[in-house]
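Asks: Take this sequence and fold it.
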Amino acid sequence: MTTEATTPRPRFSLPELAAMKPNGEKIVMVTAYDAPGARLADEVGIELILVGDSAAMVVLGHDSTVPATVDEMVVLTRAARRGSHRALLVADMPFGSFQISDADAVANAVRFVKEADADAGKLEGGGASLSRVRSIVGAGIPVMGHIGLTPQSATMLGGYKAQGRTAAAARGLLADALALQEAGCFAIVLEAVPAPVATRISQALRIPTIGIGAGPGCDGQVLVWHDLLGLTEGRAPRFVKRYAHLAEDIRQALSAYSADVRRGVFPAEEHTYGIPDEELALFESELDSGVLIRAEDARGSESDWL
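Replies: Below is the predicted model of the structure:
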């Protein structure tokens with residue numbers, strides 16, 4: 001007899017997501033890069049899991065998101081899918097995967113769906129990205145947009161700075177948002193946009209907006225896994241709220257483990273496996289008498305002498 005705890009929940013759907021905006025329900029998105037992280041996000045009912053190209057920095061150790069490759073992102077997305085069975089899984093398309101041509105963009109988006117079981121892809125920028133969005137959506141793959149501070153093109157934007165801080169720049173963001181909506185995006189991330197501007201953009205769109213550093217007027221919010229859990233340390237962007245301080249917890253755990261090993265108190269008896277006394281006596285007597293045992297006797301297959 002199955003119970004609610006053992007019955008898999010159906011995967012969250014795009015129509016369900018779309019209905020949250022007119023219903024006034026806030027949408028939650030978080031990044032995840034592996035099966036355990038995605039599983040935990042899934043268990044608490046988060047609607048959207050983004051396998052972000054932020055992995056280049058927080059997982060792979062680069063200084064920016066640009067070095068992330070399609071192959072790396074496919075591996076991480078596939079891992080996250082193994083942990084997530086309910087949330088919509090969105091794969092970030094890394095720099096170089098969609099900028100060259102519509103055909104390349106579609107081919108790479110298809111990889112994320114076929115090889116990693118992603119539900120959707122995310123593309124940064126407006127302008128030239130519009131034809132990419134139309135092509136990918138035309139191939140039957142949902143697309144999330146991303147405007148404001150777009151890390152893949154941060155150099156062109158003058159660094160990691162808030163966007164839309166003049167009337168002209170704000171109008172440009174609104175125009176990009178409306179164009180992405182018409183191109184077929186099902187949602188748009190607004191990053192590092194003044195809160196009043198993000199609110200007006202959200203009100204102007206039929207599709208949901210997901211804010212990161214864009215204030216509470218967006219339809220949902222996203223944070224990077226390592227930021228919100230306190231795994232990254234030092235100065236954080238002002239939009240980051242640390243809900244835990246796991247880096248310090250992990251450091252203390254590793255220090256305690258190291259100390260136990262060095263003092264010889266780990267592993268203790270409860271962490272080890274036993275052997276029947278008679279079998280141990282036989283094993284030791286054979287060793288003491290110089291008997292050589294073939295590996296095939298121990299493992300049941302041909303091998304070298306032990």
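Asks: can you pull out the helices in the chain?
Replies: Along the chain, the segments classed as helices by DSSP state H run 14-20, 35-43, 55-58, 70-83, 102-116, 129-138, 167-183, 195-204, 225-228, 246-263, 277-288, 295-299.
Asks: and Leu254, what is it in contact with?
Replies: By C-beta atoms under 8 Å, 6 or more residues apart in numbering, Leu254 lies in contact with nothing. C-betas here are computed from N, CA, C, even on glycine.
Asks: hmm, I was thinking of Trp225
Replies: Contacts of Trp225 by C-beta under 8 Å, 6+ apart are Val30, Thr31, Ala32, Tyr33, Gly37, Val58, Leu231.
Asks: Quick one: neighbours of the closest residue in space to the third one that isn't next to it in sequence, just the number.
Replies: With sequence-adjacent residues excluded and distances taken as C-beta to C-beta, 6 or more residues apart in numbering, Ala32 is closest to Ala38, at 4.3 Å. Ala38 is surrounded by 28 other residues when neighbours are defined as other C-beta atoms under 10 Å.
Asks: My read is that Pro228 contacts Thr31, right?
Replies: For residue 228 the amino acid is Leu, not Pro. No - using C-beta atoms under 8 Å, Leu228 is not in contact with Thr31, being 9.1 Å away.
Asks: What residues does the nearest residue to Ala204 once chain neighbours are set aside make contact with?
Replies: Leaving aside its chain neighbours, Ala204 sits nearest to Leu174 (6.3 Å; criterion: C-beta to C-beta, 6+ apart). For Leu174, the contact set (C-beta under 8 Å, 6+ apart) comprises Val197, Arg200, Ile201, Ala204.
Asks: Counting neighbours, what do you get for the last one?
Replies: Just to be clear, that refers to Ala204. 12.
Asks: repeat for the first one
Replies: The tally of other residues near Val197 (other C-beta under 10 Å) stands at 25.
Asks: hang on, the earlier thing: need the helices of the chain in JSON lines with mean pLDDT and distance to Pro237, can you?
Replies: Formatted as JSON lines, the helices of the chain follow (pLDDT from 0 to 100; distance: least, C-beta to C-beta, whole Å):
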{"stretch": "helix 14-20", "mean pLDDT": "98", "distance to Pro237": "26"}
{"stretch": "helix 35-43", "mean pLDDT": "98", "distance to Pro237": "20"}
{"stretch": "helix 55-58", "mean pLDDT": "96", "distance to Pro237": "12"}
{"stretch": "helix 70-83", "mean pLDDT": "98", "distance to Pro237": "22"}
{"stretch": "helix 102-116", "mean pLDDT": "98", "distance to Pro237": "27"}
{"stretch": "helix 129-138", "mean pLDDT": "97", "distance to Pro237": "23"}
{"stretch": "helix 167-183", "mean pLDDT": "98", "distance to Pro237": "19"}
{"stretch": "helix 195-204", "mean pLDDT": "98", "distance to Pro237": "15"}
{"stretch": "helix 225-228", "mean pLDDT": "97", "distance to Pro237": "8"}
{"stretch": "helix 246-263", "mean pLDDT": "98", "distance to Pro237": "17"}
{"stretch": "helix 277-288", "mean pLDDT": "92", "distance to Pro237": "59"}
{"stretch": "helix 295-299", "mean pLDDT": "55", "distance to Pro237": "54"}
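Asks: Lovely, talk soon.
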